[in-house]
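**Student:** Predicted model, plus sequence, below.
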Amino acid sequence: MCGIVGIVSKAPVNQLIYDGLLLLQHRGQDAAGIVTQQGRKFYMHKAKGMVRDVFRTRNMRALPGNVGLGQVRYPTAGNAFSEDEAQPFYVNAPFGLVLSHNGNLTNAAELKAELFNTDHRHINTDSDSEVLLNVLAHELEKTTRGLPLTPADVFAAVRGVHKRVKGSYAVVALIAGHGLLAFRDPFGIRPLCIGHGQNEGGATVMVASESVALEGTGYQFERDIAPGEAVFVDMDGKVHAEQCAANARLYPCIFEFVYLARPDSVMDGISVYQARLNLGETLAKRVVSTVPPNEIDVIIPIPESSRPSATQLAHLLGIPYREGFVKNRYVGRTFIMPGQGVRKKSVRQKLNVIASEFKGRNVLLVDDSIVRGTTSREIVQMARDAGARKVYLASAAPPVRYPNVYGIDMPTPGELVAHDRTIEEIRKVIGCDALIYQDVEGMKRAIRSLNPELDGFDASCFDGVYVTGDVTAETIAAMNSARGDTAEKIGEEGDVDASRLALPNPEGA
Ligand SMILES: O=P(O)(O)OC[C@H]1O[C@H](OP(=O)(O)OP(=O)(O)O)[C@H](O)[C@@H]1O
Ligand SMILES: NC(=O)CC[C@H](N)C(=O)O
Ligand SMILES: [Mg+2]
């Protein structure tokens with residue numbers, strides 16, 4: 001996941017894009033970038049770091065124009081440590097294009113070879129997003145029937161992109177002098193919505209990963225962009241939209257609801273906050289069947305994302321809910337940091353105990369998910385050190401057993417604490433007295449009940465089913481080998497051996 005924003009306005013957009021990216025900072029902490037357009041010229045500033053660090057006043061002043069886009073990056077392809085892979089990406093032909101991408105392509109290596117051998121295009125980084133931009137550029141070159149460029153030409157190009165590209169992609173792109181293009185992959189795995197508002201100059205159209213970016217900047221959420229759909233906003237602010245995929249179906253990533261998205265966002269018709277409350281409700285049933293409620297003195301959330309589930313769980317079990325960990329708000333989200341060393345250190349920097357809430361008590365700690373077990377291991381030990389008698393742990397999501405290839409950085413099975421382990425084995429690794437997980441069907445039901453019109457979910461990291469149908473153990477191993485930053489992970493904890501990854505349904509959904 002990354003956060004993306006695109007705007008067409010009648011007034012300067014630099015500050016608005018900055019504000020939107022700040023509201024999406026939880027989706028990517030590694031790099032940030034903005035491109036604006038004035039006349040036919042693009043102005044770009046991007047660098048590694050959080051939004052506040054990347055953009056100084058002088059950088060903001062150098063981003064003129066009423067049209068633009070931006071991205072906050074959480075690297076899931078290429079090299080996390082390379083500044084060159086910060087987004088947006090630029091290519092000069094046709095017209096001049098810039099693009100920001102949230103998601104991950106599963107056939108980036110094949111496309112890269114095809115772009116070089118057949119389309120004669122040069123890709124300068126290991127980023128899959130640069131590959132995606134070049135596919136779009138090539139398709140646009142093919143479909144354009146002369147000037148002026150029409151929305152029909154643009155939509156034909158997106159149709160071409162859908163045919164060639166596999167994986168997950170929510171995209172915003174600028175076509176110099178023509179307008180803003182936004183589109184979502186045919187399964188709608190990563191989120192994208194559109195809204196509008198007014199500023200000094202007149203009407204403004206805004207596209208963003210999450211509704212919070214619209215609401216938080218004073219704009220009005222209108223609708224989610226449909227899977228496979230493309231939206232083209234011309235320079236006058238007129239919105240054109242068309243379905244560009246043959247078999248579009250809505251299978252949003254369920255991990256967005258579990259952890260990634262902000263709880264105040266509404267995605268694909270589902271309130272993220274309500275989804276987390278529902279997960280707490282179904283988790284309550286699992287807890288009572290494992291630990292008698294009268295043996296739990298207090299329920300304590302592991303800040304931040306687990307709070308809604310933990311409150312609902314405590315409410316239903318009639319057990320006091322207490323804050324036992326205080327979060328240092330100046331440390332970012334640990335899960336999306338690159339590298340296990342920094343993640344581990346950050347848990348202790350980020351969370352500190354209020355010892356009086358633990359001393360002599362049986363505590364039930366609640367987290368939204370347990371992925372590598374980095375947080376849980378540290379937290380359970382901290383609870384014990386603070387004097388807890390018994391430490392139980394409940395996860396609002398089921399065990400994360402399979403790698404993710406759609407834009408969440410869990411590429412290797414060996415790094416997942418639940419991979420190839422029974423619940424009892426996981427409990428021992430984490431060091432708690434009882435471990436309670438949500439079950440996969442319970443999780444899906446809890447969230448789907450909020451929008452029965454969904455076709456399903458991408459829940460691949462929980463059930464091993466990859467909805468795009470092209471992902472096998474070999475694909476995953478090959479994608480990992482292509483990662484410029486994987487060596488660091490392999491050295492510490494991962495593996496890329498396809499033979500060790502038994503997928504339940506390699507054919508996909
Ligand atoms: O098992 P792990 O590999 O540690 O990953 C899971 C943890 O990471 C996330 O927290 P994070 O600190 O990223 O963000 P949050 O403050 O939103 O909870 C998530 O909420 C879990 O606490
Ligand atoms: N998580 C994402 O959406 C990342 C986008 C892209 N795959 C990158 O690594 O930069
Ligand atoms: Mg957390």
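**Tutor:** Structure received. Ligands and ions are numbered 1, 2, ... in the order given.
**Student:** Low-confidence bits of the protein, can you list those?
**Tutor:** Applying pLDDT under 70 to the chain picks out residues 484-509.
**Student:** Which positions in it make contact with ligand 1?
**Tutor:** Within the chain, the positions adjacent to ligand 1 are 259, 302-305, 333-336, 367-376 by CB under 6 Å from any ligand atom. Using the backbone N, CA and C atoms, a C-beta is placed for each residue, glycine as well.
**Student:** do stretch 72-80 and ligand 2 meet?
**Tutor:** Yes. Using CB under 6 Å from any ligand atom, we find that stretch 72-80 touches ligand 2 at Arg73, Tyr74, Pro75, Thr76, Ala77, Gly78.
**Student:** Quick check: chain neighbours aside, which residue is closest to the third one?
**Tutor:** Spatial nearest neighbour of Pro75, excluding adjacent residues (CB to CB, 6 or more residues apart in numbering): Asp30 at 5.7 Å.
**Student:** Would you check how far apart Gly68 and ligand 2 are?
**Tutor:** 19 Å (CB to the nearest ligand atom, to the nearest Å).
**Student:** Checking my notes, that residue in a strand, right?
**Tutor:** Yes. When DSSP: H, G, I helix; E, B strand; the rest coil is applied, Gly68 is found to be in a strand.
**Student:** Just give the nearest non-adjacent residue to Leu111, would you?
**Tutor:** Closest residue to Leu111 apart from its sequence neighbours, by CB to CB, 6+ apart: Val131 at 5.0 Å.
**Student:** Distance-wise, check the one you found relative to ligand 1.
**Tutor:** From Val131 across to ligand 1, the span is 28 Å (CB to the nearest ligand atom).
**Student:** One more: Gly228?
**Tutor:** For Gly228 relative to ligand 1 (CB to the nearest ligand atom), the value is 30 Å.
**Student:** I'd say that residue and Cys244 touch.
**Tutor:** Yes. At 5.8 Å, Gly228 and Cys244 qualify as touching, with contact defined as CB atoms under 8 Å.
**Student:** shared neighbours, these two?
**Tutor:** His162, Phe183 (CB atoms under 8 Å, 6 or more residues apart in numbering).
**Student:** list the contacts for the closest residue to ligand 2 within the stretch 101-250 of the chain?
**Tutor:** Proximity of the stretch 101-250 of the chain to ligand 2 (CB to the nearest ligand atom) peaks at Asn102, 4.0 Å away. Residues near Asn102 by CB under 8 Å, 6+ apart: 1-4, 27, 71, 168-171, 190-192, 209, 407.
**Student:** Which of the residues you listed sits closest to Asn92?
**Tutor:** Val171 (18.6 Å; CB to CB).
**Student:** three-state assignment of the closest one?
**Tutor:** Quick answer, by three-state DSSP: Val171 is strand.
**Student:** Next, the contact list for the residue of the chain positioned farthest from its centre, please.
**Tutor:** Distance from the C-alpha centroid of the chain, by CA atoms, centre = their mean, peaks at Gly360 (39.1 Å). Going by CB under 8 Å, 6+ apart, Gly360 touches Gly387, Ala388, Arg389.
**Student:** Domain map for this protein?
**Tutor:** Per automatic domain parsing, the structural domains of the chain span 3-245, 256-468.
**Student:** Can I get those domains in TSV including distance to Thr475?
**Tutor:** Listed next are those as TSV, based on distance: least, CB to CB, whole Å:
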stretch	distance to Thr475
domain 3-245	6
domain 256-468	7
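**Student:** and of those, who's closest to Ala478?
**Tutor:** Closest approach to Ala478 among the domains of the chain is made by domain 3-245 (6.5 Å; CB to CB).
**Student:** How far off centre is that closest one?
**Tutor:** 15 Å (CA atoms, centre = their mean, to the nearest Å).
**Student:** what's the answer for stretch 284-297, then?
**Tutor:** That offset, for stretch 284-297, works out to 32 Å (CA atoms, centre = their mean).
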